[in-house]
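> Any chance you can model this:
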Amino acid sequence: MSELDKKMRRVRKLARTKLGIEDLHPGQVEALKAILSGRDTLAVMPTGSGKSAVYQLAAQTLPGPTVIISPLIALQHDQTASIADHHLGEAAEVNTTIGAGERREALEELEERELEYLFLAPEQFNNDEILARLRDAKPSLLVVDEAHVVSEWGHDFRPEYLRVGAVADALGHPTILALTATASPRVRPEIVERLHLREPAIIVRGFDRPNISLAVERFHDEAVKRDALLERVQASETPGIVYVATHRHVDDLIDGLRERGVSAVGYHGGMSAKRRGEAQDAFMNGEADVIVATNAFGMGIDKPDVRFVYHYDIPDSVDSYFQEIGRGGRDGEPAEAVLFYRPADLGLHRFFAGGGKVDEEQMETVARALDRHRGALSLAELREETGLSQAKLSTAVTSLEDAGAVETTATGEVETVPRRKAEKASHAAVEAEERLRAFEQSRLEMMRGYAETGACRREYILNYFGEVPETKCAGCDVCESGPTTVQGNHPFPLRGMVRHGVWGEGVVERYDDGTMVVLFDSVGYKTLAVDFVVESGALELL
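The predicted model follows:
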């Protein structure tokens, strides 16, 4: 028996005795084998598929401590409690809710090998002492939870994650495990690059959730859509989640549901942290049957019995939509995912998309500020120096980093790369941002395609994430009523690499009623008529 087989036998025993898992999922097995072999790993597995169990079990087998970078304090609390409940070893958090004494104690226990798991938010790496203590502790596994937030092409970008790759290098590059429930093929290479993963195992598994039925209801009038949503919630089995795009819609639908006798709470980013916490607790504890929320709610939420996830407003991408509906039916029982679609709602996302745009002059302002100082500046210092908002500054720094003009250090400071002049770098960064805007628009068009398709909705989502359905769909409104489209000519294989004379290289994502969708690196998703492609030779297979 090989050394890896021995480790996996131990892992399976721990899964049964500690976590109550009789059979690990194939994705969990693949990820564990890669990690225990010392390979960096990107595991893309949907909500509820046991991603946390992967690092919990790996930590029991690897010799050194495990450091988990997690974006939410509430999520850190939940994971620490889960580790304690299952007697998996000592776990601690270091975040803004922890006092100096507790933090010092946790770091000392980590150095002395008394601590198995340490949870951190990326902001903690601003502290030189913490970084030094981590380096001395020599962790054997560095886990990046919700790894899609490191990608500017993803749907929940967080610029503070940009330093994680530098942190990994500063720690001597322990084995890295990046975990996410949603990362489309376009996002995965950026995660690998930004986290400095070395020849990683990339595992994409289990995106088919057959217990979640998929449906779209189409409307033209806002008032009719509102009444339909309220009536549907009132008639549905609870608990359930209603996602909306704006704070105003949260307040409006809460009023409407309460008038109908539905026990509902609201959640959005404009509420105080205390009020958000109270609303979340009420929903999680069963005191409220329904929560109406913006996308500020949901990351790390583990409520197994959610019976429906309704979207009053169309999300900005299939990535966002899949992650949000994945919070339904985590107990394996039937759940509903219904999109209440009004084509005019697409304009709201187009408006939001233009809000954070950074022009070339602003990009040059940041580049010149860094050039003047000839050293590292914190984001706070850069903001004071340039006068830009936090959002615009984050966008500018990210774009300049992509253009090779600046680097983000392990402690979160930004410094120039001498070989690039500010003007050239700024121009390249603006071009990169324009490509990002085009990609964002194309992702919204893919979401519109989901809402309007006459083919299987489940296949549409699986194709988007690079999977092909293994079984016939039995759970979407289109297939239940009979598809309205007929599959035609497929001149290129799904996931095949093609080249266009103007847009460059791309990947064939799907076919739908005489059209094909190709994801191009330069411009994002493009829908092309198959007959035109065949007759004109617009694409060539690579």
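> Quick one: residues in contact with the longest strand seen in the chain.
Looking across the chain with DSSP state E, the single longest strand is strand 504-512. Outside strand 504-512, the residues within contact range by C-beta atoms under 8 Å, 6 or more residues apart in numbering are 185, 449, 453-455, 459-460, 463-464, 485, 487-488, 490, 492-500, 516-522, 525-526, 530, 542. Glycine gets a C-beta too; all of them are placed from N, C-alpha and C.
> In ChimeraX, how would I select just the buried ones from these?
Here is the ChimeraX selection string for the buried members of the contacts of strand 504-512, based on 16 or more other C-beta atoms under 10 Å:
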select :449,453,455,459,460,463,464,492,498,500,516,517,518,519,520,525,526,530
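> before we move on, back to that, so what strands line up beside the longest strand of the chain?
If you go by DSSP bridges, strand 504-512 pairs up with strand 497-500 (antiparallel), strand 515-520 (antiparallel).
> Lowest mean pLDDT across these, which one is that?
Sorting the strands paired with strand 504-512 by mean pLDDT places strand 515-520 lowest, at a mean of 85.
> Following element in sequence after that strand, please.
Sequence-wise, the next helix or strand downstream of strand 515-520 (DSSP states H and E) is strand 524-529.
> Can you show me the CA trace of that following strand as CSV?
Extracted in CSV, the C-alpha atoms of strand 524-529 (Å, rounded to 0.1, in the frame of the first residue of the first chain):
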residue,chain,number,x,y,z
GLY,A,524,-16.1,37.9,-23.0
TYR,A,525,-19.2,35.9,-24.2
LYS,A,526,-20.4,36.3,-27.8
THR,A,527,-23.4,34.6,-29.4
LEU,A,528,-22.9,33.7,-33.0
ALA,A,529,-25.2,32.2,-35.6
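> What lies in contact with the helix or strand that it is followed by?
Remark: after strand 524-529, the chain's next helix or strand is helix 530-536, criterion DSSP H and E. Residues outside helix 530-536 that contact it (C-beta under 8 Å, 6+ apart): 488-491, 511, 514-516, 538-539.
> how far does helix 530-536 sit from the chain's center?
Counting by C-alpha atoms, centre = their mean, to the nearest Å, helix 530-536 is centred 35 Å from the centre of its parent chain.
> any idea which helix or strand comes after that helix?
Later in the chain than helix 530-536, the nearest helix or strand by DSSP H and E is strand 539-541.
> Tell me how far that next one lies from the chain's centre.
Using C-alpha atoms, centre = their mean, the offset of strand 539-541 from its chain centre is 31 Å.
> helices and strands around it, which ones?
Counting contacts by 3 or more C-beta pairs under 8 Å, 6 or more residues apart in numbering; DSSP states H and E, strand 539-541 is packed against strand 497-500.
> mind checking how far the strand it packs on is from the chain centre?
27 Å.
> Find the residue at the geometric middle of this protein.
Using C-alpha atoms, centre = their mean, the residue of the chain that lies closest to the mean C-alpha position is H148, 4.0 Å off.
> Now the buried members of the contacts of helix 530-536.
491, 511, 515-516, 538-539.
> I'd like those laid out as CSV, including distance to R275.
Formatted as CSV, the buried ones among the contacts of helix 530-536 follow (distance: C-beta to C-beta, whole Å):
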residue, distance to R275
P491, 55
Y511, 47
T515, 46
M516, 47
A538, 54
L539, 52
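> Quick check: next helix or strand after the least confident helix or strand in the chain by mean pLDDT?
Using mean pLDDT, DSSP states H and E, helix 346-353 stands out as the lowest-scoring helix or strand of the chain, at a mean of 65. Heading C-terminal from helix 346-353, the first helix or strand you meet, by DSSP H and E, is helix 360-373.
> Output the contacting helices and strands for that next one.
Judged by 3+ C-beta pairs under 8 Å, 6+ apart, the packing partners of helix 360-373 are helix 379-386, helix 390-402, strand 414-416, helix 422-452.
> Now do the same for it: mean pLDDT, whole number.
75.
> got it, and stretch 182-190?
For stretch 182-190, mean pLDDT rounds to 79.
> mind starting the numbering at 695 from now?
I'll keep to 695 as the first residue from here, and by that count the last item is stretch 876-884.
> and that stretch, which residues are buried?
Quick answer for stretch 876-884 (16+ other C-beta under 10 Å): 876-878, 880-882, 884.
> Next: stretch 793-810.
Buried, per 16+ other C-beta under 10 Å, within stretch 793-810: 797, 800-801, 803-804, 809-810.
> what's it in contact with?
Counting by C-beta under 8 Å, 6+ apart, 753-754, 758-760, 777, 782-788, 792, 812, 823-824, 827-828, 830-831 sit against stretch 793-810.
> Endpoints of stretch 707-724, how far apart?
This stretch, stretch 707-724, spans 17 Å end to end (C-alpha to C-alpha, to the nearest Å).
> Just the buried residues of it, please?
708-709, 712-713, 715, 718-719, 721-724.
> next one: stretch 1001-1017
Neighbour-count burial for stretch 1001-1017 flags 1001-1017 (criterion: 16+ other C-beta under 10 Å).
> Which strand residues bridge A987?
Beta-bridge partners of A987, as defined by DSSP bridges: Y937, Y961.
> Distance check, it against S1014.
Computed as C-beta to C-beta, to the nearest Å, the A987 to S1014 distance reads 13 Å.
> With H1184 instead?
Distance from H1184 to S1014, by C-beta to C-beta: 28 Å.
> just S696 next, same as before
42 Å.
> Distance-wise, check V1228 relative to P1185.
From V1228 over to P1185 (counting by C-beta to C-beta), the distance is 5 Å.
> what does E840 give?
38 Å.
> can you check E1101 too?
Taken as C-beta to C-beta, the span from E1101 to P1185 is 43 Å.
> all helices for the stretch 795-944 of the chain, in order.
Ranges of helices in the stretch 795-944 of the chain, per DSSP state H, counting those that start in this stretch, are 822-831, 858-864, 882-888, 916-929, 941-953.
> Among these, single out whichever gets nearest to L1064.
Each of these has some distance to L1064 by C-beta to C-beta; the shortest is helix 858-864, at 16.4 Å.
> The closest one: which residues count as buried?
Result for helix 858-864 [16+ other C-beta under 10 Å]: buried residues 858-862, 864.
> For the stretch 795-944 of the chain, which segments count as strands?
Ranges of strands in the stretch 795-944 of the chain, per DSSP state E, counting those that start in this stretch, are 811-814, 835-838, 869-874, 895-898, 906-912, 934-937.
> Can you give the strand pairings for the second one, parallel or anti for each?
Right, the one you point to is strand 835-838. Partners of strand 835-838 in its sheet, by DSSP bridges: strand 760-763 (parallel), strand 869-874 (parallel).
> Same list, these, but as a markdown table with mean neighbour count and distance to R1024 please.
Below are those laid out as a markdown table (neighbours: other C-beta atoms under 10 Å; distance: least, C-beta to C-beta, whole Å):
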| stretch | mean neighbour count | distance to R1024 |
| --- | --- | --- |
| strand 760-763 | 26 | 21 |
| strand 869-874 | 26 | 16 |
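> Between those strands, which one is closest to V910.
strand 869-874 (25.6 Å).
> Which pLDDT does the model give the closest residue to H1184 other than its chain neighbours?
Nearest residue to H1184 in three dimensions, chain neighbours excluded: Y1205, at 5.4 Å (C-beta to C-beta, 6 or more residues apart in numbering). As summarised for this prediction, Y1205 has a pLDDT of 81.
> For Y1205, give its distance to V1192.
Here the criterion is C-beta to C-beta. By it, Y1205 lies 13 Å from V1192.
> So H1184, which state does it fall into?
Taking DSSP: H, G, I helix; E, B strand; the rest coil as the rule, one finds H1184 in the coil state.
> Next, the contact list for it, please.
1205, 1210, 1224.
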